[in-house]
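Chemist: structure for this input, please:
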Amino acid sequence: MRHLLSLPRLASRAFGTAVRQMKNKVPDCQKVFLEDNGLPVHLKGGTTDVLMYRLTMAITVAGTGFSLYWLLFASFPKSKASSL
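Modeler: Okay, here's the model as predicted:
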């Protein structure tokens, strides 16, 4: 029962009015993404964005090719000689 009675005190500590100064990083990120350098917005994050974009495109192209291969393979009837 004692734990339930201390719950309001613990909750008020979590949302106290103590001043915690944190630097707002949003304007710095906005400067990077709003800069007119000819890059699309999904590549302005740097090298990791470029690598993730290229990896995603490679997986997409490979998956599309694999799907088309199996669609072509399934579209032809199986020959009776190969089933013996």
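
Chemist: ranges for the helices of this protein?
Modeler: Shown for the chain, the helices assigned by DSSP state H span residues 2-14, 26-34, 47-75.

Chemist: which among those is found nearest to residue 40?
Modeler: helix 47-75 (9.1 Å; CB to CB). The C-beta positions use only the backbone N, C-alpha and C, and glycine is treated the same way.

Chemist: off-centre distance for that closest one?
Modeler: 17 Å (CA atoms, centre = their mean, to the nearest Å).

Chemist: mind putting the helices of the chain into TSV with mean pLDDT, distance to residue 20 and mean neighbour count?
Modeler: Converted to TSV, the helices of the chain look like this (pLDDT from 0 to 100; distance: least, CB to CB, whole Å; neighbours: other CB atoms under 10 Å):
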stretch	mean pLDDT	distance to residue 20	mean neighbour count
helix 2-14	68	13	8
helix 26-34	90	17	10
helix 47-75	96	30	10
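
Chemist: between those helices, which one is closest to residue 41.
Modeler: Once the helices of the chain are compared by CB to CB, helix 26-34 is nearest, at 6.1 Å.
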